[in-house]
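Chemist: Show me the folded form of this:
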Amino acid sequence: MGLYEFFYEYFVLPIKENQGYNPVNTLVYAIILGIAVILLYRMLKRMGIRVDERFFGALMPYIILGPLMRSMTDVGILPRTYLTVSPGAYFVIAAFAIASLYVVWRHVGPGERLYPLYRDFGWVLVGGLLFVLIISIDRVSFNWEVLKYFVPVLLIAEAFIWLIARKVQLIENNKTLFYTHFYDATTTFVGIQFFGFWEQHVLARWLIDAFGTAAVMYLEKFLILLPVVWILDREMKDEDPDLINFVKLTIFILGFGPGTRNLLIMLMGGG
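Modeler: Just a heads-up that it's a prediction; the model follows:
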């Protein structure tokens, strides 16, 4: 198999035919993500931008932008191209977020004015997508029955984290990450269990097939998150706090983004 055939089979074809992820592209995308986290962290350090609550709040519209664009693609409002489906869509959103940050930083520097300007520019982008959604609303078949399953299951899942967080300090200190990834697991569980959706990721797909239920997603999320936050909080406690915060921010995005995409696609009648 030549290089072109290899690339086409493992990277182009899965996107073109909506096959989901495979072990090869999963590994490559994970490596790209790891490199991107390091490079972006170094960029923020050079720009003098702290990774704190202000930065998180300013970044929130860009985090929402990804799943919104992805769900609008799935229901046919946006054209399905390599740049509007995963992972291309997230490369596009990341490029927007980085470019916007750089432009605002060049204009006002790393001071207090940066965060509201950066945030507001992101909300303008979200508003643009929402405008496209509104004028194309006749192409959306909303399925509000999703909430009948999603809301009670989510409450039960998050109550589980709340109870454990009261007993385990490590989880209490990182409860936002656990809440977020159990939210993601809930959208997967509801979509597969009640509405005929399927899992795109390799490990999760294998676990669901092995256990016969998408409820295994909660176990997967918990068993992956627990050692990760333990390493970040205990083994890396002497590292730069901005690095730890940026890694945790990345983990948050990896839960919130797919979870919100799943929920929006279900509500908008996608498949």
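Chemist: which element is residue 63 on?
Modeler: helix 53-74 (DSSP states H and E).
Chemist: Helix or strand next in line after that helix, which one?
Modeler: helix 88-108.
Chemist: Please identify the buried residues of that following helix?
Modeler: 89, 90, 92, 93, 94, 96, 97, 100, 101, 104, 105 (16 or more other Cβ atoms under 10 Å). Where C-beta positions appear, they are placed from N, C-alpha and C, glycine not excepted.
Chemist: who does that helix touch, helix- and strand-wise?
Modeler: Here helix 88-108 touches helix 23-47, helix 53-74, helix 114-135, going by 3 or more Cβ pairs under 8 Å, 6 or more residues apart in numbering; DSSP states H and E.
Chemist: Now do that helix against helix 114-135, angle only.
Modeler: 140 degrees (axes from the mean of the first three to the mean of the last three Cα atoms, to 10 degrees).
Chemist: Contacts for helix 88-108, please.
Modeler: Residues outside helix 88-108 that contact it (Cβ atoms under 8 Å, 6 or more residues apart in numbering): 15, 36, 40, 43, 47, 49, 59, 62, 65-66, 69-70, 73, 81-84, 114, 117-118, 121-122, 125, 257.
Chemist: quick revisit: quick one: which of the buried residues of helix 88-108 is nearest to residue 204?
Modeler: Taking Cβ to Cβ as the measure, residue 204 lies nearest residue 90 of the buried residues of helix 88-108, at 17.5 Å.
Chemist: still on that earlier bit, for the helix holding residue 63, output the C-alpha coordinates as PDB.
Modeler: Only the C-alpha atoms of helix 53-74 are listed here, as PDB (Å, rounded to 0.1, in the frame of the first residue of the first chain):
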ATOM      1  CA  GLU A  53     -11.100  31.900  35.000                       C
ATOM      2  CA  ARG A  54     -11.000  35.100  32.900                       C
ATOM      3  CA  PHE A  55      -9.400  33.200  30.000                       C
ATOM      4  CA  PHE A  56     -11.900  30.300  30.400                       C
ATOM      5  CA  GLY A  57     -14.900  32.700  30.300                       C
ATOM      6  CA  ALA A  58     -13.500  34.500  27.200                       C
ATOM      7  CA  LEU A  59     -12.900  31.200  25.400                       C
ATOM      8  CA  MET A  60     -16.400  29.800  26.100                       C
ATOM      9  CA  PRO A  61     -18.100  31.100  22.800                       C
ATOM     10  CA  TYR A  62     -15.300  29.400  20.800                       C
ATOM     11  CA  ILE A  63     -15.900  26.200  22.700                       C
ATOM     12  CA  ILE A  64     -19.600  26.400  21.800                       C
ATOM     13  CA  LEU A  65     -18.900  27.300  18.200                       C
ATOM     14  CA  GLY A  66     -17.500  23.900  17.300                       C
ATOM     15  CA  PRO A  67     -20.400  21.700  18.300                       C
ATOM     16  CA  LEU A  68     -22.900  24.200  16.900                       C
ATOM     17  CA  MET A  69     -21.200  24.100  13.500                       C
ATOM     18  CA  ARG A  70     -20.900  20.400  13.600                       C
ATOM     19  CA  SER A  71     -24.600  19.800  14.500                       C
ATOM     20  CA  MET A  72     -25.700  22.300  11.700                       C
ATOM     21  CA  THR A  73     -23.600  20.300   9.300                       C
ATOM     22  CA  ASP A  74     -25.200  17.000  10.400                       C
END
